[in-house]
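1. just the structure for this:
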Amino acid sequence: MVTRGNAYLSHAGGYYQDKIGTSSFRERSKQCPNGSYVKEGGGKSHLDCVACPDGTDKIVFAGFRACFCLENYARTDRYGPCQICLEKGANCSGKDYKSIQPGFYWNWNFLGANITNYKKFINNLNIENETLDSNTIYRGEIPNAFLCPRQSNCFNSQDDLEVQCSSGYKGWLCSKCRENFYSVLNYCLPCPNSVWLYTELTVIIICCVVVYALLHRLYKTENNRSERLFLNKVISRGKIVLGFYQVVGEFFASIHDVNWAKALKFIGDFVSVIELNIFRMIVKPKCFNAKLQLNPKMEFVIGMVFPLTLLSLSFTLFCIMTARYKFKNRLTRSSEPFNIYTRKLKSKLLASVVILLFVTYPPTCTTVFQLYPRACQTFCLDVKNTTCVTLLRSDYDIHCKDLKTYHIFAYTGTAVYVIGFPVVLFLLLRNKAKRIFSHGPSEPLLAKNEETGDDLQSLVSDSYSNRANPIWMDFLCENYKPRFWYWEIIELTRKVTQTILITVLGWEHKLTVLLTIAISVLYLTLHARYMPMKSTFEQQLQMFSLTALLANVLVATMDVPEEYGDEMSVAVIILNVLVIVIVAAEIFLGLFIRLRRIAVHKTIFNLVMSCKNAVWNMNGKYRNISGRDL
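-> Residues are numbered from 1 along each chain as shown. Got it, this is the predicted structure:
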């Protein structure tokens with residue numbers, strides 16, 4: 001500061017005053033040589049000017065500081081040295097202070113950091129005249145910067161100290177959706193209006209009812225072999241589509257390198273529905289009520305309670321139905337023996353349980369994996385790495401220090417359900433396979449009911465050759481050759497292995513990339529080597545889905561230039577949508593041919609009946625005429 005009256009210039013900087021005067025500051029002060037300044041202030045001659053400290057630009061005039069910092073240097077003392085900015089995400093572009101770069105996030109809420117004092121220090125640095133205040137030094141800590149999962153979510157301008165999240169985002173790393181937004185592929189989209197929400201909910205319910213009706217009709221019409229054949233093949237194709245999108249759904253949710261075009265983000269809703277991930281499908285009820293939003297802890301509880309509830313309901317329903325049968329049998333004797341009735345009832349209930357657990361198995365496993373200790377991520381807030389927090393990767397609002405009990409339950413759920421369910425399925429299939437194969441000759445390499453010809457023709461064919469297998473076994477094994485009755489367990493293992501890597505380690509981990517590529521290549525090789533499926537079309541479809549998954553992984557590992565981001569997004573989406581397009585086209589074409597064949601048969605039948613009636617009418621007239629003549 002400059003004192004009143006007969007006083008010397010008292011503040012440090014590139015000025016000194018060699019005589020006392022009452023004139024203005026500019027008139028009575030003189031400049032130090034370039035690259036020098038008065039260290040303590042109150043300089044009276046050029047001999048008081050000393051060299052500027054390290055990290056400063058010593059070829060220009062010092063001004064009201066100890067020289068300006070070099071490019072990519074910053075300081076915390078206006079009259080002190082400048083330090084090089086080595087921290088990734090810190091912006092030190094010729095402003096003498098640090099700010100946050102776009103695409104990065106930092107947090108000032110820890111002991112030792114004070115963003116208010118740092119703002120005062122920056123305001124002081126921005127003053128380039130004698131009216132300086134006392135905030136020339138910042139004595140606190142400056143936080144570390146962390147790369148945002150989606151860099152576009154953290155749009156910070158060049159001079160921002162506080163992180164600015166994009167519209168619709170909030171929270172740590174700008175990864176959470178604000179109110180009236182819901183998440184799709186880790187993008188936050190505005191909630192649709194109520195009419196659209198209720199329409200979508202109605203469509204989903206109708207689709208579920210239609211699927212249930214088809215399955216019910218499939219296993220109820222025992223004598224209609226051709227219809228069972230057609231629907232079995234639809235289910236076989238559907239299992240391939242389901243298996244593909246269940247892995248791709250996790251992959252899309254984890255990957256952040258593909259720049260999804262805004263017009264194509266609706267694919268996220270599509271994938272969530274196709275993969276039957278209940279926990280992603282019901283995120284949107286947050287748009288109905290903010291309290292309906294789920295977090296990983298709630299998802300885990302639901303995921304673990306669901307199988308127990310399903311088993312309990314099935315057992316209760318079995319008891320009720322058997323009691324009802326006994327009571328009804330007392331009033332009117334049934335033609336069906338009790339043991340046959342109970343056997344059919346057990347078969348249907350077991351099929352329902354197996355099918356529901358099968359389709360929800362991967363998303364349920366995800367709810368377990370995302371609570372593993374390895375699914376936590378540690379962030380050290382300060383540069384010295386003395387203040388660190390450990391947060392859950394799937395929800396950064398959850399501190400892992402509060403999850404010790406959930407970690408134990410997650411390991412228990414892994415042993416009981418993640419491992420137990422495939423093991424139980426394998427034992428059930430092995431037991432049934434032994435019984436079936438023990439009643440017949442040894443199975444040849446290519447079974448009689450394997451399809452080697454025209455798959456479209458077999459899709460609409462009326463022929464059906466199959467033993468009276470249990471319903472759940474048909475669901476799991478119908479599309480595989482008899483000697484590969486266990487292959488669906490291998491498929492479950494593949495899906496879970498890739499899911500656990502993506503969920504626990506995250507896509508940014510190099511081990512995830514390496515093992516995901518290795519697993520994709522391994523299973524692609526196994527399918528190409530053994531060709532376990534009966535249908536040539538299904539075998540080729542499965543090979544294509546595995547190849548598409550491998551292509552997704554390879555694209556994600558590539559460093560795609562930003563100018564090609566949209567083109568790459570479109571290419572990846574087309575590749576992934578192509579799987580269901582192929583299946584849908586094949587099924588609709590087969591259904592069209594089948595309906596046309598039925599129409600032709602009906603036309604021929606009507607024509608034959610018309611001819612038959614005409615002949616009978618002619619015969620009747622001939623008899624009448626002959627009788628009168630006689």
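2. can you list the low-confidence ranges for the stretch 51-200 of the chain?
-> 185 (pLDDT under 70).
3. the helices in it, which residues?
-> Ranges of helices within the stretch 51-200 of the chain are 115-125, 194-220, based on DSSP state H, counting those that start in this stretch.
4. mean neighbour count and distance to residue 596 added to those helices, as JSON lines?
-> Every C-beta, even on glycine, is put in place using the N, C-alpha and C of the backbone. Formatted as JSON lines, the helices of the stretch 51-200 of the chain follow (neighbours: other CB atoms under 10 Å; distance: least, CB to CB, whole Å):
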{"stretch": "helix 115-125", "mean neighbour count": "17", "distance to residue 596": "72"}
{"stretch": "helix 194-220", "mean neighbour count": "12", "distance to residue 596": "20"}
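5. residue 324: which of those is closest?
-> With CB to CB, the closest approach to residue 324 among the helices of the stretch 51-200 of the chain belongs to helix 194-220: 18.5 Å.
6. helices or strands next to the closest one in the packing?
-> Packing partners of helix 194-220 (3 or more CB pairs under 8 Å, 6 or more residues apart in numbering; DSSP states H and E): helix 225-254, helix 338-369.
7. point out the most buried one among those helices.
-> helix 225-254 (a mean of 21; mean count of other CB atoms under 10 Å).
8. I'd like the helices of the stretch 51-200 of the chain as CSV, with distance to residue 550 appended.
-> Shown next, in CSV, are the helices of the stretch 51-200 of the chain (distance: least, CB to CB, whole Å):
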stretch, distance to residue 550
helix 115-125, 46
helix 194-220, 30
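9. roughly how far does residue 607 sit from residue 425?
-> 51 Å (CB to CB, to the nearest Å).
10. try residue 60
-> For residue 60 relative to residue 425 (CB to CB), the value is 75 Å.
11. which residues does residue 188 bridge with?
-> residue 183 (DSSP bridges).
12. quick one: it from residue 576, how far?
-> Taking CB to CB, one finds residue 188 at 22 Å from residue 576.
13. okay, now the unreliable bits of the stretch 351-500 of the chain?
-> 437-468.
14. would you map the helices across it?
-> Going by DSSP H, counting those that start in this stretch, the stretch 351-500 of the chain shows helices at 404-413, 420-438, 455-460, 471-477, 487-500.
15. just name the most buried of those.
-> Taking mean count of other CB under 10 Å, helix 471-477 is the most buried of the helices of the stretch 351-500 of the chain, at a mean of 22.
16. circling back: I'd like to know which of the helices and strands packed on helix 194-220 is closest to residue 318.
-> Per CB to CB, nearest to residue 318 of the helices and strands packed on helix 194-220: helix 338-369, 5.7 Å.
17. mind checking how far that closest one is from the chain centre?
-> 25 Å (CA atoms, centre = their mean, to the nearest Å).
18. again with stretch 470-486
-> 30 Å.
19. can you check the distance spanned by it, start to finish?
-> Stretch 470-486 has its terminal residues 15 Å apart, counting by CA to CA, to the nearest Å.
20. which residues touch the closest residue to residue 506 other than its chain neighbours?
-> Nearest residue to residue 506, sequence neighbours excluded (CB to CB, 6 or more residues apart in numbering): residue 393, at 5.8 Å. The contact partners of residue 393, by CB atoms under 8 Å, 6 or more residues apart in numbering, come to 370, 375, 376, 377, 506.
21. same thing with residue 34?
-> 58, 59, 60, 61, 62.
22. ranking by neighbours, what's the top pick from these?
-> Tallying neighbours with other CB atoms under 10 Å puts residue 62 at the head of these, with 26 neighbours.
23. any idea how far that one lies from residue 80?
-> On the measure of CB to CB, residue 62 and residue 80 end up 13 Å apart.
24. what does residue 477 give?
-> Taken as CB to CB, the span from residue 477 to residue 80 is 75 Å.
25. do the same with residue 188
-> 43 Å.
26. these two - which one has more neighbours?
-> Between residue 188 and residue 80, residue 188 has the larger neighbour count (other CB under 10 Å), namely 23 against 18.
27. just checking, the more buried one touches residue 169?
-> Yes. Here residue 188 reaches residue 169: they are 5.5 Å apart, a contact under CB atoms under 8 Å.
28. can you give me the buried ones in stretch 302-311?
-> 302, 303, 304, 306, 307 (16 or more other CB atoms under 10 Å).
29. kindly state the pLDDT recorded for the first one?
-> For residue 302, the pLDDT comes out at 92.
30. so where does it fall, helix or strand?
-> Using DSSP states H and E, residue 302 sits within helix 296-331.
31. off-centre distance for that helix?
-> That offset, for helix 296-331, works out to 31 Å (CA atoms, centre = their mean).
32. ok, now stretch 33-45?
-> On CA atoms, centre = their mean, the centre of stretch 33-45 falls 61 Å from that of its chain.
33. and residue 546, backbone torsions?
-> phi -70, psi -40 (degrees, to the nearest 10).
34. that one and residue 523 touch, don't they?
-> Yes. Counting by CB under 8 Å, residue 546 touches residue 523, with 5.9 Å between them.
35. who's more crowded, the two?
-> Using other CB under 10 Å as the criterion, residue 546 and residue 523 rank with residue 546 on top: 24 against 21.
36. and the more buried one, what does it touch?
-> Contacts of residue 546 (CB under 8 Å, 6+ apart): 520, 523, 524, 527.
37. which ones among those map onto helices?
-> 520, 523, 524, 527 (DSSP state H).
38. among those residues, show me the least confident.
-> Among the ones in helices among the contacts of residue 546, residue 520 has the lowest pLDDT, at 87.
39. now the phi/psi pair for the nearest residue to it once chain neighbours are set aside, please.
-> Spatial nearest neighbour of residue 520, excluding adjacent residues (CB to CB, 6+ apart): residue 550 at 4.1 Å. Main-chain torsions, residue 550, degrees, to the nearest 10: phi -60, psi -40.
40. does residue 550 touch residue 519 like I think?
-> No. When contacts are counted by CB under 8 Å, residue 550 is not listed as touching residue 519 (9.5 Å).
41. overlap of the contact sets of residue 188 and residue 169?
-> In contact with both residue 188 and residue 169: 177, 178, 181, using CB under 8 Å, 6+ apart.
42. residue 539: neighbour count?
-> Count around residue 539 with other CB under 10 Å applied: 21.
43. next: the one 3 residues further on.
-> Counted with other CB under 10 Å, the neighbours of residue 542 add up to 25.
44. now swap in residue 415 and tell me
-> Neighbour count of residue 415, defined by other CB under 10 Å: 9.
45. against residue 353, how distant is it?
-> In terms of CB to CB, residue 415 sits 20 Å off from residue 353.
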